[in-house]
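Q: fold the following, please.
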Amino acid sequence: MSRNTGRIPQSYDEIVRQTVVEPDSSVRPSVAQEQAAREGYRALDDQEQALRDRVAGALATAGPSAGGVTVEISRDMVTLRGRVPHPAMLRVIEDAVAGVAGVSTIHDQVVVDAPAVFDAP
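A: A predicted model of the protein is given here:
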């Protein structure tokens, strides 16, 4: 609860105003920075980096639509995140990554973009 108003602050800006001496001098973190802070940073060892490079190479051969997919490696587990334009691309990406030596588990969190909706004439 806030010392001044008796209610719980609801936003980042309210918290800053109540806790930072000169709130105008503070810099608000970006959404990506906030997400990175929640997830934490973990450096890849040499084997994980090599696996990441092989998976990235396999995604490059899957076509330009796979360019929006990011790769995270944890030992022999690969997590794929991002967006693709159509459902068939999901299968292409999964098959490409599954064929990489050293991959034992694939967590596919790739999302298919919604099709464009056109107004009827």
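
Q: so who does the residue positioned nearest the centre of the chain touch?
A: When Cα atoms, centre = their mean is applied to the chain, the residue found nearest the centroid is residue 81 (5.7 Å). Listed by Cβ atoms under 8 Å, 6 or more residues apart in numbering, the contact set of residue 81 reads 69-70, 72, 109-110. C-betas here are computed from N, CA, C, even on glycine.

Q: for it, give the beta-bridge partners.
A: residue 70, residue 109 (DSSP bridges).

Q: I'd like the distance between it and residue 15.
A: 29 Å (Cβ to Cβ, to the nearest Å).

Q: repeat that for residue 35.
A: 18 Å.

Q: got it, and residue 80?
A: Residue 80 is 35 Å from residue 15, by Cβ to Cβ.

Q: how about residue 54?
A: 44 Å.

Q: and if you look at residue 82?
A: 32 Å.

Q: grab the two from the contacts of residue 81 that are most spread out in space.
A: By the measure Cβ to Cβ, 72 and 110 form the most distant pair in the contacts of residue 81, at 12.2 Å.

Q: out of the contacts of residue 81, who's the most crowded?
A: Most neighbours among the contacts of residue 81, by other Cβ atoms under 10 Å: residue 69, with 22 neighbours.

Q: spatially, what comes nearest to that one if we skip its sequence neighbours?
A: Using Cβ to Cβ, 6 or more residues apart in numbering and skipping residues adjacent in sequence, the residue nearest residue 69 is residue 82, 3.8 Å away.

Q: and that neighbour, how far is that from residue 47?
A: Counting by Cβ to Cβ - residue 82 and residue 47 are separated by 24 Å.

Q: now the lengthiest helix in the chain: buried residues?
A: Across the chain, the helix with the greatest residue count (assigned by DSSP state H) is helix 46-61. For helix 46-61, burial by neighbour count (16 or more other Cβ atoms under 10 Å) applies to 48, 51, 54-56, 58-59.

Q: and the helices in the chain?
A: Going by DSSP H, the chain shows helices at 12-19, 31-39, 46-61, 87-98.
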